[in-house]
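1. Below are the sequence and a predicted model; questions follow.
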Amino acid sequence: MDGAVNNNESGARVVLITPEGHRLMSAIHFKFYATNNDAEYEALINGLKLALEVGAVNLIVQSDSELVVNQVNRGFQSRGPRTELYMRCAQRPLKKISNARLESVLREENSNADALAKMGSQMDSVQLG
């Protein structure tokens, strides 16, 4: 998952990859102001909801936002009520998946979601894949 903010527009992209290698991609264009961290949280929350909808029981969530990963994993404190709300909203669906973990990856290792996120910050919502 990844979020992107460009010139007052923002979006998020989620790529779910099955053990067999099938990809389900979701692109979201936000119609509200979002910071970079907001976009990352929106990508995470929407990705977790999508994983629940398809019945995922084992899930590894990869994000290039070390801040979001560490806040959700309780390694870093959230700053402010908005971030606290995003953090709690991300933790709820994460707890519903029996074997789930959230890990930080380098931006280069997150290229599929990164490219989709940039595209999503510039277009209307679409479903890809």
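-> Perfect, I can see it now. What you are looking at is a predicted structure, and each value in this text was computed from that prediction instead of being measured. Numbering: from 1, shown residues only.

2. need the helices for the chain, in chain order.
-> 36-53, 66-72, 81-96, 111-120 (DSSP state H).

3. closest one to Asp2 among those?
-> Smallest distance to Asp2 across the helices of the chain (Cβ to Cβ): 3.8 Å, for helix 111-120. Where C-beta positions appear, they are placed from N, C-alpha and C, glycine not excepted.

4. Can you report the mean pLDDT over the residues of the closest one?
-> Helix 111-120 comes out with an average pLDDT of 48.

5. from now on call the first residue 60
-> Will do, 60 is the new start, and the previous item becomes helix 170-179.

6. quick one on the thing from earlier: do you know which of the helices of the chain lies nearest Arg82?
-> Going by Cβ to Cβ, the one of the helices of the chain nearest Arg82 is helix 170-179, 7.7 Å.

7. okay, which residue of the chain is out on the far edge from center?
-> The C-alpha centroid of the chain is most remote from Glu79, which lies 21.5 Å away (Cα atoms, centre = their mean).

8. State the distance from His130 to Leu144.
-> Actually, residue 130 is Gln rather than His. Plainly put, Gln130 is 12 Å away from Leu144 if you go by Cβ to Cβ, to the nearest Å.

9. Could you check which of those two has the larger neighbour count?
-> Gln130 (24 against 12; other Cβ atoms under 10 Å).

10. Quick check: the gap between that one and Thr77.
-> Applying Cβ to Cβ to Gln130 and Thr77 gives a distance of 28 Å.

11. again with Arg147
-> For Arg147, the distance to Thr77 - Cβ to Cβ - is 28 Å.

12. What of Gly106?
-> Per Cβ to Cβ, Gly106 is found 14 Å from Thr77.

13. Looking at those two, which is more packed in?
-> Gly106 (26 against 10).

14. What's the local residue count around Gln150?
-> As a burial measure, Gln150 scores 17 neighbours (other Cβ under 10 Å).

15. Can you get me a residue count around the closest residue to Asn67 other than its chain neighbours?
-> Residue nearest to Asn67 in three dimensions, not counting chain neighbours: Tyr92, with 7.4 Å by Cβ to Cβ, 6 or more residues apart in numbering. By the criterion of other Cβ under 10 Å, Tyr92 has 10 neighbours.
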